[in-house]
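In: What would the 3D arrangement of this be:
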Amino acid sequence: MLETKDPLKDRPETYVTLKEAAKYLRVSYRTVYRWLSQGRLKFFRAGAGSTRIPLSELDKFIAENTSKTQTEE
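Out: As a prediction, this is how the structure comes out:
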């Protein structure tokens with residue numbers, strides 16, 4: 001049986017800053033900060049005052065928080 005290689009398996013994760021996440025989500029920096037504080041977004045600290053969010057987490061957040069009625073229209 002032939003095994004097909006998953007091209008995304010070896011892809012490195014992309015991480016963004018809070019400012020970049022705010023721009024990506026089209027919300028304010030403060031809104032992203034609040035969502036991090038509430039635990040609605042996963043993140044990690046890359047050093048003193050350096051917070052990073054996986055881009056895949058932002059995509060997941062968008063998918064989970066977009067109502068079906070908006071996507072069906």
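
In: From now on I want contacts and neighbour counts done on CA atoms only, so please keep to that.
Out: OK.

In: which residue packs closest to Lys19, ignoring adjacent ones?
Out: Tyr29 (5.7 Å; CA to CA, 6 or more residues apart in numbering).

In: show me the contacts for the one you found.
Out: Residues in contact with Tyr29 (CA atoms under 8 Å, 6 or more residues apart in numbering) are Leu18, Lys19, Ala21, Ala22.

In: In the chain, what helix or strand scores lowest on average pLDDT?
Out: Least confident element among the helices and strands of the chain, by mean pLDDT, DSSP states H and E: helix 68-72 (a mean of 55).

In: Could you report the distance from the residue positioned nearest the centre of the chain to Tyr29?
Out: The centroid of the chain falls nearest to Leu58 when counting by CA atoms, centre = their mean (1.9 Å). Distance, Leu58 to Tyr29, by CA to CA, to the nearest Å: 14 Å.

In: what's Tyr33 in contact with, if anything?
Out: Leu18.

In: now it, what's its secondary structure?
Out: helix (DSSP: H, G, I helix; E, B strand; the rest coil).
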